[in-house]
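1. build me a model from this:
(2 chains)
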Amino acid sequence: MYRSQRLGLKYLTASTVMFGAMIVFGLLSSIYYIQPGFLLNIFNFSSAKIIHIDGLVIWLLMGFIGSVYWFVPQELEREVDGIGLAELLFWVFCAAVAVVVLVLIFVQYGAANQWSMWFINQGRKYVEAPRWAAVGIVVVAGVFAYNVIATTVKAGRTTGILTVLIADLIPLLVLYFDAFPQLTSMSQDLFWWWWLVHLWVEATWEVLIGCIMAWTLIHMVGASRRVVESWLYVQVALVLGTGILGLGHHYFWIGTPRYWFAIGGVFSAFEPLPLLGMVVHAVYDAGSRHLQAANRPAFFWTLAEAFGNFLGAGVFGFMMTLPQINMYSHGTQWTASHGHFAFWGAYGCGVIAVLYLALEKSRGCNGLDGRAWKWSFALLNLGILGMAGALLVAGIDQAFFERAVGGSTWNAYLAMQGRPWFIESMWARFVFGLVFAAGYALLVYDLLAIGKSQRAAVPQVTAAAGS
Amino acid sequence: MDKGKLVIQSRACIDCHTFFGNGAYYAPDLTRDWLDPVCARYAGPKRADRLAKFLMEPLRLGARAMPNLHIQRDEAEAAVAYLKWMSAIDTNGFPDRFGAPTAQ
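-> Numbering: from 1, shown residues only, chains lettered A, B, ... in the order given. Reported below is the predicted structural model:
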């Protein structure tokens, strides 16, 4: 196995740990809704929520980085250039994440000064981590991009997937610089903040996971590179064609001009198209193989990724992005419903698929199967569907009673939080969160155990990997 | 205004509240907070004073209780001035029917 692949496994392991941390703090966040006054002034909702959503970003980012370190040496049949630095930075990255989590737990917030911005909490959603940590992420992402680009240059050749990946890593890195500004105007702040949040999640991350899933299909079921790359090009064209201007749906109400209604509405309507393409492709692949693959967990998680991306990101996203609907749905639990389903479907399932694929190769198995993965697959997906469903009910209730009828005042908001449907939805979300957590526990058990008792005689990955 | 924004970021207000509908959904939206009937019932300088006092020593409001984030007097005044400033931004009519009489 290449050193880069070992590093990839380390990243995927760290990613799985962060996935667990995200679930713990997500469950904690859900308790505040059903137990008013929970941990008030000790560990407030905002602190739990920050670790929940920042943990989400970190587990997926680590999963993507790990996946790329896993696939690139196979793709180019050589060790990744600068692997020593990459290995060092992995430990720096893990240590930095641990320090940030400890600060967010024990310090939580500071006074209104630059010290707080640099060392405690920047107070901008998803990028709350203090500035020093944001600098660290730029360094890690920079070295990661260098690793991929330098290895390709040294190899003297490239592939379609790798070229798309390299083209994607540059905006991915550049957009992250939006994690730093401290703008006085909230309108300006949010305007540029969306360049990071939207253009990462609905453009550059979609392309990145497209590359990762393309490699997954090639290595998992021996899909034709020509077919996979053709689909990737179509998807990239559609994602960039719709996703970049789909940014407009975040500019309806933040103090920006009305022309964003038309831009955001039209391009958001097209955003599900590339995701529908993925579903068509996945159904075709699954049907042509009669739902059979040597690595069954990786195969089913890949299918879940295609469907989850389309339903969670595409359908649930489109449902609330037309301005006429967004006026009432925006800023309610409806958004949280879409957020949970979309991140899981578009990215979470894909990272888990790569995990199983990497484990199959690293444990020298010829295919993977068992019972535990089926239970964890079922519980995790049931959990997310239940949470998204419960939040959707709560959000629709809010959109109607708090927004359309109540006029969005403080009293309308507070009255809404006490309505039976809302409270029942919050309980349902908590219960399905527990189901999701049970699925995670089984996933960890399965990842630790699967394949260890069924090692094949022919190791798939050796020192001559990729040959 | 700079100080007001720093107060909002340092206390991570957006991780409970929303601004222009963006943020967490655990506490009310702050876009029109200055104009909200809860605040607007206080006339003149009293409104800013009451709001600043609330930020320094929050009260329980229905299903929610705001934590005490150790906001100092100067910080509270800056934050209130910021909320007043923000309430004047044209948000294309968001949120709809703001402050409309409700049957609730």
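2. what does the stretch 1-150 of chain A put close to chain B?
-> For the stretch 1-150 of chain A, the residues found near chain B under the criterion C-beta under 8 Å from any C-beta of the partner chain are A:32-33, A:36-37, A:40-41, A:44-47, A:49-50, A:109-113, A:116-117, A:120-125, A:128. Backbone N, C-alpha and C define where each C-beta goes, glycine included.
3. 10 Å instead?
-> A:29, A:32-33, A:36-50, A:52-53, A:104, A:108-117, A:120-126, A:128 (C-beta under 10 Å from any C-beta of the partner chain).
4. can you flag the buried ones in those residues?
-> Buried subset of the residues of the stretch 1-150 of chain A next to chain B (neighbour count, 16 or more other C-beta atoms under 10 Å in any protein chain shown): A:29, A:32-33, A:38, A:40, A:43-50, A:52-53, A:104, A:108-110, A:112, A:116-117, A:120-126, A:128.
5. in helices, which of the residues of the stretch 1-150 of chain A next to chain B fall?
-> A:29, A:32-33, A:45-50, A:52-53, A:104, A:114-117 (DSSP state H).
6. and the least confident helix or strand in chain B by mean pLDDT, what does it pack onto?
-> One helix or strand of chain B scores below all others by mean pLDDT, DSSP states H and E: strand B:60-61, with a mean of 77. Secondary-structure packing of strand B:60-61 (3 or more C-beta pairs under 10 Å, 6 or more residues apart in numbering or on different chains; DSSP states H and E): helix A:410-417.
7. next up, the contacts around A:T204.
-> A:167-176, A:196, A:239-240, A:243-244 (C-beta atoms under 10 Å, 6 or more residues apart in numbering or on different chains).
8. which residue, neighbours along the chain excluded, lies closest to A:D178?
-> A:L196 (3.6 Å; C-beta to C-beta, 6 or more residues apart in numbering or on different chains).
9. residue ranges of the strands in the chain, please?
-> Since no chain was named, I'll use chain A. Taking DSSP state E as the criterion, chain A carries no strands.
10. I was thinking of chain B, sorry if that wasn't clear
-> Going by DSSP E, chain B shows strands at B:18-19, B:22-23, B:60-61, B:64-65.
11. please, where are all the helices along the stretch 251-400 of chain A?
-> Along the stretch 251-400 of chain A, counting by DSSP state H, counting those that start in this stretch, helices occupy A:259-270, A:272-288, A:296-308, A:316-318, A:323-329, A:333-343, A:349-362, A:372-397.
12. likewise for chain B?
-> B:2-10, B:37-40, B:45-56, B:73-86.
13. in the first one, what's buried?
-> This means helix B:2-10. Result for helix B:2-10 [16+ other C-beta under 10 Å]: buried residues B:K3, B:G4, B:K5, B:L6, B:V7, B:I8, B:Q9, B:S10.
14. is chain A contacted by it?
-> Yes - on the criterion C-beta under 10 Å from any C-beta, helix B:2-10 is in touch with chain A at B:D2, B:K3, B:G4, B:K5, B:L6, B:V7, B:I8, B:Q9, B:S10.
15. and the fifth one, how far from A:A111?
-> I take that to be B:L6. With distances taken as C-beta to C-beta, to the nearest Å, B:L6 is found 9 Å from A:A111.
16. so what sits against both of those two?
-> B:E75.
17. where does the chain dip in pLDDT?
-> If you meant another chain, say so; for now it's chain A. Scanning chain A for pLDDT under 70 picks out the ranges A:454-467.
18. please go with chain B instead
-> For chain B, the ranges with pLDDT under 70 are B:101-104.
19. how about a cut-off of 90?
-> B:38-45, B:59-65, B:97-104 (pLDDT under 90).
20. just send the strands of chain B back as CSV, with mean neighbour count and distance to B:K53 too.
-> Formatted as CSV, the strands of chain B follow (neighbours: other C-beta atoms under 10 Å in any protein chain shown; distance: least, C-beta to C-beta, whole Å):
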stretch, mean neighbour count, distance to B:K53
strand B:18-19, 22, 22
strand B:22-23, 24, 23
strand B:60-61, 14, 14
strand B:64-65, 20, 16
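21. which one, of those strands, ends up nearest to A:L355?
-> Closest to A:L355 of those is strand B:22-23 (C-beta to C-beta; 32.1 Å).
22. show me what the closest one is packed against.
-> Strand B:22-23 packs on helix A:186-199, going by 3+ C-beta pairs under 10 Å, 6+ apart.
23. quick revisit: looking at the buried residues of helix B:2-10, which is nearest A:G84?
-> When those are compared against A:G84 (criterion: C-beta to C-beta), the nearest one is B:Q9, at 37.7 Å.
24. between all of the ones in helices among the residues of the stretch 1-150 of chain A next to chain B, which two are separated the most?
-> Farthest pair in these, by C-beta to C-beta: A:Y33 and A:Q114, 33.7 Å.
25. my guess is B:P58 meets B:A52, correct?
-> No - the pair B:P58 / B:A52 is not scored as a contact, 11.5 Å apart, by C-beta atoms under 10 Å.
26. on that earlier part again, out of the helices of chain B, which comes closest to A:V100?
-> Of those, nearest to A:V100 by C-beta to C-beta is helix B:2-10, at 15.9 Å.
27. mind checking how far that closest one is from the chain centre?
-> Distance of helix B:2-10 from its chain centroid, counting by C-alpha atoms, centre = their mean, to the nearest Å, is 13 Å.
28. what does stretch A:44-61 give?
-> 12 Å.
29. same deal with stretch A:334-350?
-> 8 Å.
30. so is that stretch next to chain B?
-> Yes - residues of stretch A:334-350 are located near chain B by C-beta under 10 Å from any C-beta, namely A:W334, A:T335, A:A336.
31. now do the contacts for the last one.
-> Which is A:A336. Contacts of A:A336 by C-beta under 10 Å, 6+ apart are A:M387, A:A388, A:A390, A:L391, A:L392, A:A394, A:G395, A:R429, B:A24, B:Y25.
32. what about 8 Å?
-> Neighbouring residues of A:A336 by C-beta atoms under 8 Å, 6 or more residues apart in numbering or on different chains: A:L391, A:G395, B:Y25.
33. ok, those residues vs A:V143, which is closest?
-> B:Y25 (36.6 Å).
34. run a quick neighbour tally on the closest one.
-> Residues near B:Y25, counting by other C-beta atoms under 10 Å in any protein chain shown, number 24.
35. how close does it get to B:A88?
-> From B:Y25 to B:A88 the distance is 24 Å (C-beta to C-beta).
36. one more: B:M66?
-> In terms of C-beta to C-beta, B:M66 sits 24 Å off from B:A88.
37. more neighbours, those two?
-> Shown here are B:M66 and B:A88; by other C-beta under 10 Å, B:M66 has more neighbours (20 against 10).
38. look up phi and psi at the more buried one.
-> Backbone torsions of B:M66, given as degrees, to the nearest 10, read phi -80, psi 130.
39. residues touching the closest residue in space to it that isn't next to it in sequence, list them.
-> Nearest residue to B:M66, sequence neighbours excluded (C-beta to C-beta, 6+ apart): B:P58, at 3.6 Å. With contact set as C-beta under 8 Å, 6+ apart, B:P58 has these partners: B:A65, B:M66, B:P67, B:N68.
40. distance check, the first one against A:N44.
-> With distances defined as C-beta to C-beta, the gap from B:A65 to A:N44 amounts to 10 Å.
41. what does the second one give?
-> Using C-beta to C-beta, we find B:M66 at a distance of 9 Å from A:N44.
42. what do those two both touch?
-> B:C16.
43. ok, now which ones touch B:R97?
-> A:R403, A:A404, A:V405, A:G407, A:S408.
44. dump these to TSV, plus neighbour count and distance to A:K452.
-> TSV is the format used below for the contacts of B:R97 (neighbours: other C-beta atoms under 10 Å in any protein chain shown; distance: C-beta to C-beta, whole Å):
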residue	neighbour count	distance to A:K452
A:R403	26	53
A:A404	16	56
A:V405	16	58
A:G407	19	60
A:S408	29	56
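45. with adjacent residues omitted, what lies nearest to the residue in the stretch 301-450 of chain A positioned nearest to chain B?
-> The nearest approach of the stretch 301-450 of chain A to chain B comes at A:G331, 3.0 Å away (C-beta to the nearest C-beta). Nearest residue to A:G331 in three dimensions, chain neighbours excluded: B:G21, at 3.0 Å (C-beta to C-beta, 6+ apart).
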